[in-house]
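**Q** whatever this is, show me its structure:
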Amino acid sequence: MATKLTQSVVDKIRHAQEAGAQVYDADVSGLRIVIGKKSASYKLMGRINDGTDRYISFVIGRTDEVSLKSARERAKELRLTLRRGEDPRVPKNAIPSLSEVADSYFATRGQELSPRTLAWYQQKVEGPLSSLKKIPVDRIDR
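**A** Residues are numbered from 1 along each chain as shown. Sure, this is the predicted structure:
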């Protein structure tokens, strides 16, 4: 159940709750305070809007280092990032799509493969795998 958090409630919450407890914020969806043995941290739980329906948990900071206002602002920024389909935990390296990887493979290994094998590979990329052509290869799973 969500709680209306204020900075004074956050300051007292670590001593009032036992380790392992979670207190959800009523104002920002997905923002919660996780109480540990020695400290408490702000965490954001959210789903990445990239078609994979993956949920992530992102640590914003400790409650004694980050104010509630700053944590809420950061959580809102992260939620926008998730809505755009980006994973805020992953560095911003350019991950090639399946189509780019296949084109690169065909260009470099095309001379070594028989024409029949090359045509079979291209048929698979254009046919059954066509829905995955624009997805970065690190997001493709079973």
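**Q** okay, domains of this protein per the record?
**A** The chain breaks down by automatic domain parsing into domains covering 2-83, 98-139.
**Q** quick one: buried residues of the helix ranked longest in the chain?
**A** As assigned by DSSP state H, the longest helix anywhere in the chain is helix 68-83. Residues Leu68, Ala71, Arg72, Arg74, Ala75, Leu78, Arg79, Thr81, Leu82 are the ones in helix 68-83 that count as buried (16 or more other CB atoms under 10 Å). Bear in mind the C-beta positions are built from the backbone N, C-alpha and C, glycine included.
**Q** give me the distance between the second one and Val59.
**A** The spacing between Ala71 and Val59, counted by CB to CB, to the nearest Å, is 10 Å.
**Q** and for those two, which residues touch both?
**A** Tyr42 (CB atoms under 8 Å, 6 or more residues apart in numbering).
**Q** before we move on, the earlier item: which elements pack onto the helix or strand that comes right after the longest helix of the chain?
**A** Heading C-terminal from helix 68-83, the first helix or strand you meet, by DSSP states H and E, is helix 98-109. In terms of contacts (3 or more CB pairs under 8 Å, 6 or more residues apart in numbering; DSSP states H and E), helix 98-109 is packed against helix 115-126.
**Q** that concludes my questions; thank you for your assistance.
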